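**Q** only the shape, not the letters, is given here:
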């Protein structure tokens, strides 16, 4: 399977803990996106990378959130000092310019 | 970003065609119309996209109005596996094609 993969698929943490999620895009895709989806809503854009450069961040991405894509391949999304409001599905997607964007299966986060 | 309007929900019978409407009255000339669907507990799945002409692929057909202010996703024979939330999204393509999702339309398929 050469689709977008995400790890872990599920994460339960206690409020105040830090969590890190990983996304492996489709190998030939140079653009990578993170989205967040809460129950009953559509996914919301968080941030976008072209190769290793983070080119756009949504105002939804508070200071507690940081994303990296150090070598232009996989990406990590870290949430520091988690809050219950961070509970959501975190989705990663990738594409190349003018081509279809493909999504991973998501990481479901529950903050207790 | 130009917005889309979809009904909240729709029901269909298995093996019958389904027409899912989408209005996008403020669409610009460079906006592509994309459809994605999302099954429970999965990431969104690409269905189809188009710019001006009607499009067909193995999953569905996309009918685009002549003025491009509306479009319809057509599933030719609905199956139980087509029950999902369907999102109609406009995207400029090119630099940073972030997708702006609405709430989508929830399709239920009756056996």
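**A** In hand now; what should we look at? Predicted, not measured: the structure shown is a model, and the values here were computed from it. Numbers count the residues shown, from 1 in each chain, chains lettered A, B, ... in the order given.
**Q** for whichever residue of chain A sits closest to chain B, which non-adjacent residue is closest in space?
**A** Scanning chain A for proximity to chain B using Cβ to the nearest Cβ identifies residue A:42 as nearest, at 3.0 Å. C-betas here are computed from N, CA, C, even on glycine. Nearest residue to residue A:42, sequence neighbours excluded (Cβ to Cβ, 6 or more residues apart in numbering or on different chains): residue B:101, at 3.0 Å.
**Q** pLDDT value on the one you found, please?
**A** pLDDT recorded at residue B:101 is 93.
**Q** isn't it right next to residue B:85, touching?
**A** No. Here residue B:101 does not reach residue B:85: they are 9.4 Å apart, not a contact under Cβ atoms under 8 Å.
**Q** just the helices in chain B please.
**A** With DSSP state H as the criterion, chain B has no helices.
**Q** how about the contacts made by residue B:48?
**A** Contact analysis of residue B:48 by Cβ atoms under 8 Å, 6 or more residues apart in numbering or on different chains lists B:34, B:35, B:55, B:57, B:59, B:60, B:61, B:62, B:73.
**Q** typed the wrong thing, it's residue A:30
**A** Residue A:30 neighbours (Cβ under 8 Å, 6+ apart): A:50, A:51, A:72, A:96.
**Q** ok, and the most crowded of those residues?
**A** For the contacts of residue A:30, the largest neighbour count, defined by other Cβ atoms under 10 Å in any protein chain shown, is 16 neighbours, found at residue A:50.
**Q** ramachandran coordinates for residue B:78?
**A** phi -70, psi 140 (degrees, to the nearest 10).
**Q** and the gap between it and chain A?
**A** Per Cβ to the nearest Cβ, to the nearest Å, residue B:78 is found 22 Å from chain A.
**Q** what lines up beside the helix or strand residue A:93 falls within in the sheet?
**A** Element membership of residue A:93 [criterion: DSSP states H and E] is strand A:88-95. According to DSSP bridges, strand A:88-95 forms sheet pairs with strand A:31-37 (antiparallel), strand A:102-103 (antiparallel), strand A:107-111 (antiparallel).
**Q** hey, which of the ones you listed is tucked in deepest?
**A** strand A:31-37 (a mean of 24; mean count of other Cβ atoms under 10 Å in any protein chain shown).
**Q** the next helix or strand after that one: how far from the chain's middle?
**A** Once the chain leaves strand A:31-37, the next helix or strand it forms, by DSSP H and E, is strand A:44-50. Going by Cα atoms, centre = their mean, to the nearest Å, the spacing between the C-alpha centre of strand A:44-50 and its chain's C-alpha centre is 8 Å.
**Q** what about residue A:85, which SS state?
**A** Classification of residue A:85 using DSSP: H, G, I helix; E, B strand; the rest coil returns helix.
**Q** what sits against the residue nearest the centre of chain A?
**A** Nearest to the geometric centre of chain A sits residue A:34, at 3.6 Å (Cα atoms, centre = their mean). Neighbouring residues of residue A:34 by Cβ under 8 Å, 6+ apart: A:23, A:45, A:46, A:47, A:48, A:67, A:75, A:77, A:90, A:91, A:92.
**Q** same deal with residue A:103?
**A** By Cβ under 8 Å, 6+ apart, residue A:103 lies in contact with A:4, A:35, A:91, A:92, A:93, B:36, B:43, B:44, B:45.
**Q** mean confidence for stretch A:99-108?
**A** Stretch A:99-108 comes out at a mean pLDDT of 95.
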